[in-house]
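**Student:** Generate coordinates for the sequence data below:
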Amino acid sequence: MIALKISCRALLRNKIRSLLTMLGIIIGVSAVITMFGIGQGARESIRDKIAGMGSNMLHVEPGSLTRGGIRGGRGTINTLVPEDALAIVEKCPSVALASPAARITAQVVYGNLNWSTRVLGTTPDYMTIRKWRKSSGNFFYDTDVRYGTKVAVIGKTVAENLFQQTPPVGEIIRIKRVPFKVVGLLEERGQSPLGTDQDDVILVPFTTAKKRLFGKHSRLGRIVVSAKDETLMKTAQEEITLLLRERHRIRGGKEDDFIIRNMADIQEAAASSTRIMTIVLASIASVSLLVGGIGIMNIMLVSVTERTREIGIRMAVGARTKNILFQFLIESLVLCSAGGILGVLLGISVSKVISIFAGWPAVVSVQSIILSFCFALAIGVIFGLYPARKASMLNPIEALRYE
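**Tutor:** Numbering: from 1, shown residues only. Sure thing, here's the model as predicted:
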C-alpha cells in the first residue's frame, strides 16, 4: 500500500507526461475493444439474417451435367418436379415442410407504372419455412394453389415502385400481361447475407405460375425444405439424398443430379470468416499496445535517471533491492491500469458511436474487455520490468553522488 502511494505521488508530479505515456495504452485498449465489438456485431448480424431466412432450412437445387468429359455448372440438368417436394414431406421423417419454388424475372405493370422484379411461384408453406410475415392483407392459401387462382403477395420494394402512396392490397397488377389481384404485402426484410434485396419479389401460387407465366413443361428452380429441428439438419439431408436418388433412378456410383445446400453450413462458414477477420483486426490493433509499452519503458527509464539520488537515499536508509524493484514495477502497472480503464471506456464509446452513425451493430463483450485489460497489465509488467530492475541494481554510493 505504501509503495502504491509513493508510485501515485511520483506519477502525479508529472501529470502531462504520465497522461501522454498512458495514451498509447488508451488507444491500444480502445482499438482492440472496438475491433472485437464490430466483429462480434457482424457475426450477430449475419446469424440473425440467416436465421431470418430459416436456420433449419435446406435448399434442394438442380445439379450439374457431365457429358463427354465436360462438366457443366450448377443447374445444367434439372430433374426436380413438384412431386419430389410432396415425397420429401411424406417419406422423410426428419422433414417438417417442403415447398417447390420456380422463379423468373418479369415486367410488372400497374396503371402507367411498371417495374422489373423476381416472380416466385410457390406454396403457402414457403412463407412458413422462410419465416415470412405479412405487413398487411393475407398470404394465399392451399386452395389458391389447388385451383390456380391469380393472386399475388408482393414485397415492399415492389409496392414502393408500383403503388407509391396507394395501398396495394386489393389492387390488380399485370405480370406478363396476366392480371393478378394483390392479396397481401410482405413485411420488410432488407438485404440477404448475399446482398440481394429480399423485398423485391412477388409470390404467386405455384400452379398459377406454371400455367400462366412459366409454361407447362417448366422445371423447378429449387425445393425449399425445413427440418423438424436444427439438430436434425444432417439427418434430413441424408434422407432427402437417398429419396431423390431412388426417385430419379440414380444407380450406385453415379453422380447426384441435384445439390442440397445446408443453411447451417452457410451460417457456420460466414461466422468463421467474420471470426477470422475480427482476430486479424484485433491483432493489428494490439500493435498500438506494444507501442504504448515501449513508451512506458522509455518514460520509466527517464524516471529512473531523474530519481537516481532519491533511489540512493532510500537504499541508504534501509530499502532493499526488491523494494526498489517493486516500487518502479508498481508505477508501471499504475500507468497501464489507468490507461486500460480509460481505454475500455473509450472503446465502448467508440463502438456505440460506430453502431449509431454507421448503422453497423457493435457488441462489446465482457470477454473482450477482460482480455484487452489483462493484455495492458501484461504490457506494464513486461516493459516495466527492465527499468525497475535497472533502478534496483544501482550502486547506493554512486546514486547518492548523482546530480
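**Student:** what's the helix or strand for Val225?
**Tutor:** Taking DSSP states H and E as the definition, Val225 sits inside strand 222-227.
**Student:** Which neighbouring elements make contact with that strand?
**Tutor:** Strand 222-227 is packed against strand 57-62, helix 82-91, strand 95-110, helix 124-129, helix 233-247, with contacts defined by 3 or more C-beta pairs under 8 Å, 6 or more residues apart in numbering; DSSP states H and E. Yep, even glycine has a C-beta here, placed from its N, CA and C like the rest.
**Student:** and with 6 Å instead?
**Tutor:** strand 57-62, strand 95-110, helix 124-129 (3 or more C-beta pairs under 6 Å, 6 or more residues apart in numbering; DSSP states H and E).
**Student:** what's the most buried one of these?
**Tutor:** Ranked by average neighbour count under the criterion mean count of other C-beta atoms under 10 Å, the helices and strands packed on strand 222-227 are headed by strand 57-62 at a mean of 21.
**Student:** Mind jotting down where the helices sit in the stretch 101-250 of the chain?
**Tutor:** 124-129, 142-147, 156-162, 206-208, 233-247 (DSSP state H, counting those that start in this stretch).
**Student:** Give me the pLDDT for the most centrally placed residue in the chain.
**Tutor:** Taking C-alpha atoms, centre = their mean, the centroid of the chain lies closest to Arg43, which sits 2.3 Å from it. Each residue has a pLDDT score; the one for Arg43 is 70.
**Student:** still on that earlier bit, nearest to Met315, of the helices and strands packed on strand 222-227?
**Tutor:** strand 57-62 (73.4 Å; C-beta to C-beta).
**Student:** what pairs with the closest one, and is each one parallel or antiparallel?
**Tutor:** strand 222-227 (antiparallel), strand 258-262 (antiparallel) (DSSP bridges).
**Student:** winner for burial among these?
**Tutor:** Of the strands paired with strand 57-62, strand 222-227 is the most buried (mean count of other C-beta under 10 Å), at a mean of 25.
**Student:** Distance from that one to the middle of the chain?
**Tutor:** Centre-to-centre, strand 222-227 and its host chain are 24 Å apart (C-alpha atoms, centre = their mean, to the nearest Å).
**Student:** and if you look at stretch 321-330?
**Tutor:** On C-alpha atoms, centre = their mean, the centre of stretch 321-330 falls 46 Å from the chain's centre.
**Student:** Adding mean pLDDT and distance to Arg245, write the strands paired with strand 57-62 out as TSV.
**Tutor:** Shown next, in TSV, are these (pLDDT from 0 to 100; distance: least, C-beta to C-beta, whole Å):
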stretch	mean pLDDT	distance to Arg245
strand 222-227	88	15
strand 258-262	83	9
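**Student:** out of those, nearest to Val381?
**Tutor:** strand 258-262 (47.1 Å).
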